[in-house]
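Asks: compute the structure for the input listed below.
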Amino acid sequence: MTTEQSERSGAITFKGNPMTLLGPELKVGDKAPDFQLTGTDLQPTTLDQLRENGTKAVLLILVPSIDTSVCSLETSKFNRHIATLPSDRIVAVSISADTPFAQKRWAIQEHVDNITMLSDHKDRKFADDYGVHIKELGLLTRAIYLVDKDGVIRYIQTVPEVATEPDYDEVLRAARELVG
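Replies: All right, here's what the predicted structure looks like:
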């Protein structure tokens, strides 16, 4: 049995060109879909593992490719900002379709130590389940999801133009409100 995937044409733009997002449009208050992504150590990582069985919130930072200037800048900035949040109550991950090898090389080169790098390179299942798969590019769109310790989405920011940075202040304000 094949299930048809929803498409949201023109949901975002890339360098001014309308793009189509595949998958559902998740909302604040929805249960976050579980996932299995690949870490830089090539081991699988799930949402429940990141939540440490309900003790931590999870900040999901989605980028198209860590090897682009905007994605690199965004992840570096979040790496610095995350250090100001209580590490016993929140964990941050950067998710892209890059290979784990590229993510590891980049993280070492940029001295990223406050963010876990995870890859959706195998099948884009995460991208499809979260509705962030850019059909025309085969990449994830730029977005942020804040998932509470119970696995419920408490904040979403989908950046309308993929080639621009997110609103960091808004993301950090939501994270601080959630974890105190």
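
Asks: what strand or helix carries V93?
Replies: V93 is part of strand 90-96 when elements are defined by DSSP states H and E.

Asks: show me what that strand is packed up against.
Replies: Secondary-structure packing of strand 90-96 (3 or more C-beta pairs under 8 Å, 6 or more residues apart in numbering; DSSP states H and E): strand 57-62, helix 69-82, strand 115-119, strand 139-140, helix 168-179. Every C-beta, even on glycine, is put in place using the N, C-alpha and C of the backbone.

Asks: run the last query once more with 6 Å
Replies: strand 57-62, strand 115-119 (3 or more C-beta pairs under 6 Å, 6 or more residues apart in numbering; DSSP states H and E).

Asks: would you point to the one among these that's packed deepest?
Replies: Scoring those by mean neighbour count under mean count of other C-beta atoms under 10 Å gives strand 57-62 as the most buried, with a mean of 25.

Asks: neighbouring strands for that one, and are they parallel or not?
Replies: Partners of strand 57-62 in the sheet, by DSSP bridges, are strand 90-96 (parallel), strand 143-147 (antiparallel).

Asks: which residues sit against the host helix or strand of I153?
Replies: Element membership for I153 (DSSP H and E) is strand 153-158. The contact list for strand 153-158, computed with C-beta atoms under 6 Å, 6 or more residues apart in numbering, reads V28, D30, A32, A143, I144, Y145, L146, V147, D148, P166, A174, L178.

Asks: and it with helix 168-179, angle?
Replies: 170 degrees (axes from the mean of the first three to the mean of the last three C-alpha atoms, to 10 degrees).

Asks: list the strands paired with strand 153-158, with their directions.
Replies: Strand 153-158 has these strand partners (DSSP bridges): strand 143-147 (antiparallel).

Asks: spell out for me which residue occupies the centre of the chain.
Replies: L62 (2.7 Å; C-alpha atoms, centre = their mean).

Asks: settle this for me: it is touching I144, isn't it.
Replies: No: the pair L62 / I144 is not scored as a contact, 7.0 Å apart, by C-beta atoms under 6 Å.

Asks: name the element D98 belongs to?
Replies: Remark: D98 resides in no helix or strand, with elements defined by DSSP H and E.

Asks: returning to that earlier point: mean confidence (pLDDT) on the strand holding V93, please.
Replies: The average of the pLDDT scores along strand 90-96 is 97.
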